[in-house]
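Participant: Okay, predicted coordinates and the sequence, questions at the end:
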Amino acid sequence: MIKTFLKWIEKLFRKDMNINYIALDTCTWIYIVNGTEPVSHLLFIKNELEKGNLKLILPRMVIIEWDKHKNETVKKGTLKFFKDTISSLKRLSKLIGAESKESFWLFQNEDEKKEDYFKDLFEKFKKKKNQIEDAVKINIETVEEIFKHKNTIIVEESDKIKLMSSDLALSNKAPFIKKNSFADAVILMSFITYVKKEKIIGAKFISYNTEDFCKKENGRTSLHPDLVPFFNETKSEFYKIVGEALNSIEENIVSVETLQLIKRRQEEIFDEDYTCEECDGNREGYGNIITFWNDTEINNEYDNSHENHKFHTALTGNCEWCNSLHIRCPKCDSVTSLAEYRFDENIECEGGCGLIFYVDTSNDVEYIGEHEIILIDHRVEKCAECGKDFIDLNKTELCDACEKRYNEE
């Protein structure tokens, strides 16, 4: 009888040893849902929970932050990619132009006009907006099914967890190196407290928040030395990429090529040292880093008579959190930030160089965020007589026609 009982205990213990425990912080869930990592990760996690091979450690703080930001943040990030793709298609159509003698796309008919082809492609892609929004909605629903799964363990925010987080803050230790990161600390300490209490070995904590949880040195990013003792004591593992954590559970879930793409994307997100001037989103655990920097065409209204006529492109980027546009001035290299409510009005360069930017949304008939950046000729004034715009070189406040008429009278 005793031997049978011992064998049952041994079998139960071996079964529990085969269960993998993972925890993801808020920003990591968001990055999976918005497509930074393959959505197949969500399906793998859900399926493994169903099979009983996996258990999710879910701090209550993650649920609170997720509920607060799941719709606004995820949708903005995904639709920003959609808008960037549309902009790229427009630039390609201008780049190829009607002068090209060969088909740009291998699947384009030789007798098909290039401008018609691009127009058709552009219109078809714009119609995909609803499908993209539906996909994001499904991804959000999948995450919430995972959160409510029977094999998901919700860790409540205890006084002990708060005290451990406060100790890190008072000692100026990670994740409090650059900013107030109490929510991040609570999430991590919830994980550490649970695995320590349950004596779980090999539990995996995954976070994209390398700014707070990691140290960058000699081109490498690794877990911050302040946090290493917590992981050593509990024999837990830290990962910056979900795919790498899943590959440690089951071999080749994610290919080497895909992991490299994810790593490069992650570097683009967090290696940029410029933060948004319109929001402080990273205090919630999700970066307000300016990303998507690229050369953007500018409609320059200056004529050849002025030195400012030479500026036809500028680096632009958007906040990962609030999506505010940031323009790096082609003249003085300073950055001017523009939230959407500042579009369709003259905005002077914050560097004081005198350039005036105007973000024109008049062609955004589909409400997908299309806009054109215009460099306003500062010499343009409204005629005091007729009200028309003109370049007031002579400082008369009258356009040539009104001045001529005035002189004749």
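Facilitator: All right, it came through fine.
Participant: What is the burial count for E156?
Facilitator: 10 (other CB atoms under 10 Å). C-beta here means a position set from N, CA and C on the backbone, and glycine is covered the same way.
Participant: any idea how far it is from I262?
Facilitator: 32 Å (CB to CB, to the nearest Å).
Participant: Over to E297?
Facilitator: 30 Å.
Participant: Also T234?
Facilitator: Per CB to CB, T234 is found 26 Å from I262.
Participant: Between E297 and I262, which is the more surrounded one?
Facilitator: Neighbours per residue (other CB under 10 Å) separate E297 from I262, with I262 holding more: 20 against 15.
Participant: In terms of helices and strands, where is that one?
Facilitator: Here I262 sits within helix 256-270, counting by DSSP states H and E.
Participant: mind saving the C-alpha coords of the helix or strand just after that helix as CSV?
Facilitator: Next in sequence after helix 256-270, counting helices and strands by DSSP H and E, comes strand 290-300. The C-alpha coordinates for strand 290-300 follow below in CSV (Å, rounded to 0.1, in the frame of the first residue of the first chain):
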residue,chain,number,x,y,z
ILE,A,290,10.2,57.2,-31.4
THR,A,291,10.5,54.5,-34.1
PHE,A,292,9.8,54.0,-37.8
TRP,A,293,12.4,56.8,-38.6
ASN,A,294,12.5,57.1,-42.4
ASP,A,295,13.0,59.7,-45.1
THR,A,296,9.7,61.4,-45.9
GLU,A,297,9.0,63.6,-48.9
ILE,A,298,8.2,67.2,-48.2
ASN,A,299,6.1,69.5,-50.4
ASN,A,300,8.4,72.5,-50.3
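Participant: what's strand 290-300 packed up against?
Facilitator: Applying 3 or more CB pairs under 8 Å, 6 or more residues apart in numbering; DSSP states H and E, we find strand 290-300 packed against helix 60-96, strand 313-319, strand 372-376.
Participant: which residues touch I376?
Facilitator: 301, 346, 356-358 (CB atoms under 8 Å, 6 or more residues apart in numbering).
Participant: So A174 sits against L168, correct?
Facilitator: Yes: using CB atoms under 8 Å, A174 makes contact with L168 at a distance of 7.3 Å.
Participant: what's in contact with the helix holding I262?
Facilitator: Helix 256-270 has contacts (CB under 8 Å, 6+ apart) with 36-38, 208, 210-211, 240-241, 243-244, 247, 254, 287, 289, 291, 320.
Participant: now that helix against strand 290-300, angle please.
Facilitator: 70 degrees (axes from the mean of the first three to the mean of the last three CA atoms, to 10 degrees).
Participant: Can I get helix 256-270 in PDB? Just the C-alpha atoms.
Facilitator: Output in PDB follows, covering the C-alpha atoms of helix 256-270 (Å, rounded to 0.1, in the frame of the first residue of the first chain):
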ATOM      1  CA  VAL A 256      16.500  31.000 -36.700                       C
ATOM      2  CA  GLU A 257      15.700  33.400 -39.600                       C
ATOM      3  CA  THR A 258      12.500  34.600 -37.800                       C
ATOM      4  CA  LEU A 259      14.300  35.100 -34.500                       C
ATOM      5  CA  GLN A 260      16.800  37.300 -36.300                       C
ATOM      6  CA  LEU A 261      14.100  39.400 -37.800                       C
ATOM      7  CA  ILE A 262      12.400  39.800 -34.400                       C
ATOM      8  CA  LYS A 263      15.800  40.800 -32.800                       C
ATOM      9  CA  ARG A 264      16.400  43.500 -35.400                       C
ATOM     10  CA  ARG A 265      12.800  44.800 -34.900                       C
ATOM     11  CA  GLN A 266      13.400  44.900 -31.100                       C
ATOM     12  CA  GLU A 267      16.600  46.800 -31.600                       C
ATOM     13  CA  GLU A 268      14.900  49.300 -33.800                       C
ATOM     14  CA  ILE A 269      12.300  49.800 -31.000                       C
ATOM     15  CA  PHE A 270      14.600  50.200 -28.100                       C
END
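Participant: For that helix, give the mean pLDDT please.
Facilitator: Mean per-residue pLDDT for helix 256-270: 74.
Participant: Give me the number of neighbouring residues for E198.
Facilitator: Count around E198 with other CB under 10 Å applied: 14.
Participant: Roughly how far does it sit from S236?
Facilitator: Remark: distance between E198 and S236 (CB to CB) = 12 Å.
Participant: what does Y358 give?
Facilitator: Going from Y358 to S236 by CB to CB gives 52 Å.
Participant: of these two, who's got more company?
Facilitator: A side-by-side neighbour count of Y358 and S236, using other CB under 10 Å, places S236 first with 20 against 17.
Participant: my guess is N294 meets T316, correct?
Facilitator: Yes: judged on CB under 8 Å, N294 makes contact with T316 at a distance of 6.8 Å.
Participant: Those two: which has the busier surroundings?
Facilitator: The neighbour count for N294 versus T316, taken as other CB under 10 Å, is higher for T316 (23 against 14).
Participant: residue contacts, the spatially closest residue to that one that is not a sequence neighbour?
Facilitator: Distances taken as CB to CB, 6 or more residues apart in numbering put T296 closest to T316, at 4.4 Å, once the chain neighbours are dropped. Taking CB under 8 Å, 6+ apart, we find T296 in contact with 87, 313-316, 373.
Participant: What about the residues you listed, which one has the most neighbours?
Facilitator: Busiest of these [other CB under 10 Å] is T316, holding 23 neighbours.
Participant: what bridges to it?
Facilitator: Beta-bridge partners for T316, by DSSP bridges, are N294, I327.
Participant: That one contacts I290, correct?
Facilitator: No: in this structure, T316 is not within contact of I290 by CB under 8 Å, at 9.3 Å.
Participant: hey, what's in contact with both of the two?
Facilitator: Here T316 and I290 have H326 as joint contacts, going by CB under 8 Å, 6+ apart.
Participant: now the stretch 1-150 of the chain, which segments are flagged as low pLDDT?
Facilitator: Residue ranges of the stretch 1-150 of the chain with pLDDT under 70: 1-17, 72-73, 75-123, 125-127.
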